[in-house]
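**Student:** Sharing a model that was predicted from the sequence below.
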Amino acid sequence: MLKAFPFVSNSYRPITATLLSLSHTTSKLETHLVTCEYPAICFSLSFTHQVLFPRENRHLCLEDTLCVLVCCRRKIATFAVLEGGFVGGCSGVVAFCDAMPEKVVISPQWALWSIPMLHWRVGLLTALVMVGMVVVWSIDGCTVKNIIQAWRYQQDYLAVKSHTPNLTFVSPYSPVNFTVYGKKPLLVKGHASWVSSELEPNLTSNLIARWSARGGEPCKDSKAVEIAIPGLDGGEVIELSAGDVHEFGFQALDDSGKPLCVGGDYFETDLSGDSWKSRPLVKDFSNGSYLISLQVHPDFDGVYNLTIILLYRHFEGLKFTPWRFSYDQMLRSVAIRFYKSSVRLPELQGCKASDFDRDVWIGRWTRHGKNDDCTIGNDGRYRCLAPDFPCQAPWCDGSLGILESNGWVYSTHCSFKLYSAESAWNCLKNRWIFFWGDSNHVDTIRNLLNFVLDLPEIPSVPRRFDMNFSNPRDPSQTVRITSIFNGHWNETQNYLGLDSLKDEGFQDLLKKYFSEDTIPDTVVMNSGLHDGVHWHNIRAFSVGADYAASFWGDVMKTVKQRGLAWPRVFYRNTIATGGYARSLAFNPNKMEVFNGVLLEKLKQAGVVSGVIDNFDMTFPWHFDNRCNDGVHYGRAPAKMKWRDGQIGHQYFVDLMLAHVLLNALCAR
């Protein structure tokens with residue numbers, strides 16, 4: 001068992017706790033002194049061994065964990081967990097804690113546990129728990145399964161077998177005139193067009209079918225540990241023509257070097273140069289072979305580095321406890337020189353309303369200016385370039401300096417306008433924008449107000465609010481912004497995600513905003529990181545996504561029946577979690593698939609009219625925590641120690657999202 005005796009601590013100071021655990025080898029109580037640092041206090045003891053992570057809120061609620069204690073923002077909670085399944089609501093504490101300047105208030109009851117006379121009670125309680133565990137384990141397995149299936153969407157809680165491939169698929173790979181696993185390089189001829197992708201038809205059903213497919217053969221039951229890329233494995237600098245799309249087939253190999261014949265491996269890819277960062281597209285052919293597409297615009301010729309990381313093997317990224325299966329091995333780091341060629345790619349055009357109809361974005365970050373002497377300001381901001389530093393056509397339109405990115409800007413199949421305060425207010429005046437999603441919405445709204453709408457006096461916005469904001473230069477221009485947090489129906493809690501819609505009060509709250517004489521003209525929604533924690537497998541999430549799509553479909557039908565104009569609804573993809581969070585319950589593998597599943601359901605219900613692919617925008621910056629705290633890309637600037645140990649952090653990725661949102665809201 002586990003008990004903790006925290007000492008009272010002032011805000012922003014480390015908190016020391018004494019942990020008592022029962023050793024399963026010596027059957028004696030052991031004492032552990034742990035210091036948990038701001039901004040969160042989270043630690044756990046494994047069922048068989050100690051796993052303490054005082055600085056990073058991960059590895060909580062393992063499937064084989066006996067007890068977990070989490071202290072977070074004045075909240076102290078213990079959860080008992082049995083091997084292979086849950087007894088208490090431990091799923092409600094995985095992930096992260098908001099950094100709030102609050103004091104930890106300790107009940108006097110905790111002090112009693114420090115009395116040695118009472119330590120014998122821990123042993124008695126431990127014995128009772130162990131007896132209870134034996135009783136639970138003796139229950140007939142079918143009975144347990146039936147009970148659990150009857151609880152919450154008939155999920156398979158005791159035999160979770162979740163997995164996912166990359167978002168983009170093609171039909172099963174058929175033999176062609178080359179051998180992927182061989183010495184002959186596969187270099188498909190170049191194409192004078194931008195690389196593109198789309199959401200796979202019947203994504204959810206196909207995904208579940210691949211997930212539930214049985215093995216039975218060595219090539220299906222083995223796990224990938226290496227890859228073979230004939231066209232890139234020569235050991236020398238590869239030379240490719242800029243502008244063309246270069247496609248290389250590669251094969252997943254097991255620990256004995258034999259090719260696998262099943263897919264589902266999740267590869268993180270990165271193509272980076274001095275002025276270019278992108279995520280090369282990977283296609284999974286579901287038979288152990290894959291295809292990676294490389295492309296750089298002719299204006300950005302030079303030497304690049306291609307990185308391929310195997311984060312999860314064979315659909316393990318969607319498991320309820322994915323940190324136990326994270327492989328996270330860099331398999332390739334290849335130097336590639338893209339040389340200037342005569343290829344002419346179609347010039348990017350400014351984004352129009354129809355450009356947001358595209359379900360999957362394949363974008364890139366390009367750099368058009370740089371100040372090597374730029375330092376952080378006392379307010380935590382990086383004003384590296386002058387505010388009027390111009391964008392370079394066709395990559396963006398407006399002043400690049402206002403992005404505070406030291407020259408970086410994002411573009412995809414179209415390029416974006418960077419809005420001045422005047423142009424933003426002219427677009428938003430008399431508008432009503434409705435947000436429904438996770439806390440990343442909160443950050444983006446605050447950044448929109450502070451950086452773009454010239455309202456720096458608003459230091460934060462709550463998870464749930466409905467407010468009118470006025471242009472400080474022209475009070476006649478106002479915009480109404482409503483934001484409803486969907487991580488939980490109770491705005492102070494977390495980790496329900498789409499399941500929060502099962503609360504009738506929460507449903508009524510949402511319906512109320514669409515029952516007034518006037519309704520929001522635009523809705524921006526996402527599923528959120530909380531779904532990654534809450535749902536035990538992809539099948540369960542698909543049921544929750546069906547329910548959410550049905551709910552919003554009914555809301556919009558009611559609007560139409562009242563003779564009102566149907567609001568434009570954008571699905572804003574959930575972020576790619578960064579750094580340490582890449583192995584957590586809301587890892588990029590899981591979030592990418594959850595994005596696709598919910599988007600498919602919303603489109604089938606006729607709800608969504610546009611997509612903002614924030615996953616693609618954040619992915620090139622998700623490998624570390626320079627631009628994120630793991631789960632947010634838009635935390636307010638501050639000249640203080642960041643998660644990666646440096647002073648300050650980069651916030652321009654979320655600020656770019658604010659401008660992309662304005663493009664979606666204002667495009668014609």
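**Tutor:** Received the coordinates, thanks. Numbers count the residues shown, from 1 in each chain.
**Student:** isn't residue 606 right up against residue 556?
**Tutor:** Yes: when contacts are counted by C-beta atoms under 8 Å, residue 606 is listed as touching residue 556 (7.4 Å). C-betas here are computed from N, CA, C, even on glycine.
**Student:** For residue 351, which non-adjacent residue is spatially closest?
**Tutor:** residue 414 (3.9 Å; C-beta to C-beta, 6 or more residues apart in numbering).
**Student:** Kindly give the local confidence score, pLDDT, for that neighbour.
**Tutor:** The pLDDT attached to residue 414 in the predicted structure is 98.
**Student:** you'd agree it is up against residue 355?
**Tutor:** Yes: the pair formed by residue 414 and residue 355 meets the contact definition of C-beta under 8 Å, at 4.4 Å.
**Student:** Over to the residue nearest to residue 351: give its phi and psi.
**Tutor:** Dihedral angles of residue 414 (phi, psi; degrees, to the nearest 10) stand at phi -140, psi 170.
**Student:** And it, how far from residue 298?
**Tutor:** Applying C-beta to C-beta, to the nearest Å, the value for residue 414 to residue 298 is 19 Å.
**Student:** Tell me how many other residues crowd residue 291.
**Tutor:** Neighbourhood size, residue 291 [other C-beta atoms under 10 Å]: 19.
**Student:** Just the buried positions in stretch 546-559, please.
**Tutor:** Within stretch 546-559, the residues scored as buried using 16 or more other C-beta atoms under 10 Å are 546, 547, 548, 549, 551, 552, 553, 555, 556, 559.
**Student:** Contacts for it next, please.
**Tutor:** Applying C-beta atoms under 8 Å, 6 or more residues apart in numbering, the external contacts of stretch 546-559 come out as 498, 501-502, 507, 510-511, 514-515, 519, 525, 527, 566-567, 569, 598, 601-602, 604-607.
**Student:** Now, of these, which are buried?
**Tutor:** Buried among the contacts of stretch 546-559 by 16+ other C-beta under 10 Å: 498, 501, 507, 510, 514, 519, 525, 527, 567, 569, 598, 601-602, 605, 607.
**Student:** from these, which single one is nearest residue 540?
**Tutor:** Among the buried ones among the contacts of stretch 546-559, residue 498 lies closest to residue 540 (C-beta to C-beta), at 10.3 Å.
**Student:** a helix runs through that closest one, doesn't it?
**Tutor:** Yes: when DSSP: H, G, I helix; E, B strand; the rest coil is applied, residue 498 is found to be in a helix.
**Student:** pLDDT at it, what is it?
**Tutor:** 97.
**Student:** Can you pick out the ones from the buried residues of stretch 546-559 that are in strands?
**Tutor:** Applying DSSP state E to the buried residues of stretch 546-559, no entry is found in strands.
**Student:** quick one: which of the residues you listed is nearest residue 224?
**Tutor:** Ranked by distance to residue 224 (C-beta to C-beta), those are led by residue 546 at 32.1 Å.
**Student:** Just give me the neighbour total for the residue nearest to residue 351.
**Tutor:** Taking other C-beta under 10 Å as the criterion, the count of residues near residue 414 is 19.
**Student:** Please report how far it lies from residue 352.
**Tutor:** Per C-beta to C-beta, residue 414 is found 7 Å from residue 352.
**Student:** do the same with residue 478
**Tutor:** Plainly put, residue 478 is 27 Å away from residue 352 if you go by C-beta to C-beta.
**Student:** The two: which has the busier surroundings?
**Tutor:** More crowded of residue 478 and residue 352, by other C-beta under 10 Å: residue 478, with 16 against 12.
**Student:** in the helix or strand the more buried one falls within, what counts as buried?
**Tutor:** Using DSSP states H and E, residue 478 falls within strand 474-485. For strand 474-485, a neighbour-count test (16+ other C-beta under 10 Å) marks 477, 478, 479, 480, 481, 482, 483, 484, 485 as buried.
**Student:** residues contacting residue 595?
**Tutor:** 167, 526, 527, 573, 574, 615.
**Student:** Recalculate using a threshold of 7 Å.
**Tutor:** 527, 573, 574, 615 (C-beta atoms under 7 Å, 6 or more residues apart in numbering).
**Student:** any idea whether it is helix, strand or coil?
**Tutor:** Once three-state DSSP is applied, residue 595 turns out helix.
**Student:** Quickly note the distance from it to residue 653.
**Tutor:** Distance from residue 595 to residue 653, by C-beta to C-beta: 17 Å.
**Student:** ditto for residue 239
**Tutor:** Distance of residue 239 to residue 653, given as C-beta to C-beta: 31 Å.
**Student:** Double-check residue 506 against residue 497; I have them as touching.
**Tutor:** No: using C-beta atoms under 7 Å, residue 506 makes no contact with residue 497, being 12.0 Å away.
**Student:** more neighbours, these two?
**Tutor:** residue 497 (27 against 18).
**Student:** for residue 292, helix, strand, or coil?
**Tutor:** Under three-state DSSP, the three-state class of residue 292 is strand.
**Student:** contacting residues around it?
**Tutor:** 248, 250, 269, 280, 282.
**Student:** what about the second one, which helix or strand?
**Tutor:** Pointing back at residue 250 there. Assigned by DSSP H and E, residue 250 falls in strand 246-253.
**Student:** quick one: average confidence on that strand?
**Tutor:** In this model, strand 246-253 has a mean pLDDT of 97.
**Student:** Run through the strands of the stretch 401-550 of the chain in chain order.
**Tutor:** In the stretch 401-550 of the chain, the segments counted as strands under DSSP state E, counting those that start in this stretch are 408-411, 416-418, 431-437, 465-471, 474-485, 522-525.
**Student:** among the ones you listed, which is nearest residue 192?
**Tutor:** Closest among these, using C-beta to C-beta: strand 408-411, at 18.2 Å.
**Student:** Which strands border the closest one, and is each parallel or antiparallel?
**Tutor:** Paired neighbours of strand 408-411 in the sheet (DSSP bridges): strand 364-367 (antiparallel).
**Student:** what's the average pLDDT for whichever helix or strand residue 662 is part of?
**Tutor:** If you go by DSSP H and E, residue 662 is part of helix 652-666. Confidence over helix 652-666 (mean pLDDT, whole number) is 98.
**Student:** from the chain's centre, how far out does that helix sit?
**Tutor:** On the basis of C-alpha atoms, centre = their mean, to the nearest Å, helix 652-666 sits 18 Å off its chain's mean C-alpha point.
**Student:** Could you do stretch 540-555 as well?
**Tutor:** Offset of stretch 540-555 from its chain centre (C-alpha atoms, centre = their mean): 20 Å.
**Student:** Repeat that for stretch 319-336.
**Tutor:** Centroid displacement of stretch 319-336 relative to its chain, using C-alpha atoms, centre = their mean, is 16 Å.
**Student:** what comes into contact with it?
**Tutor:** With contacts defined as C-beta under 7 Å, 6+ apart, stretch 319-336 is touched by 58-59, 62-63, 160, 162, 226-227, 229, 232, 237-238, 240, 303-313, 316, 536-537, 583-585, 587, 590.
**Student:** just checking, what packs against the strand holding residue 478?
**Tutor:** helix 421-428, strand 431-437, helix 439-447, strand 465-471, helix 504-513 (3 or more C-beta pairs under 7 Å, 6 or more residues apart in numbering; DSSP states H and E).
**Student:** Now do the first one against strand 465-471, angle only.
**Tutor:** Put plainly, it is helix 421-428. Orientation check (axes from the mean of the first three to the mean of the last three C-alpha atoms, to 10 degrees): helix 421-428 against strand 465-471 gives 130 degrees.
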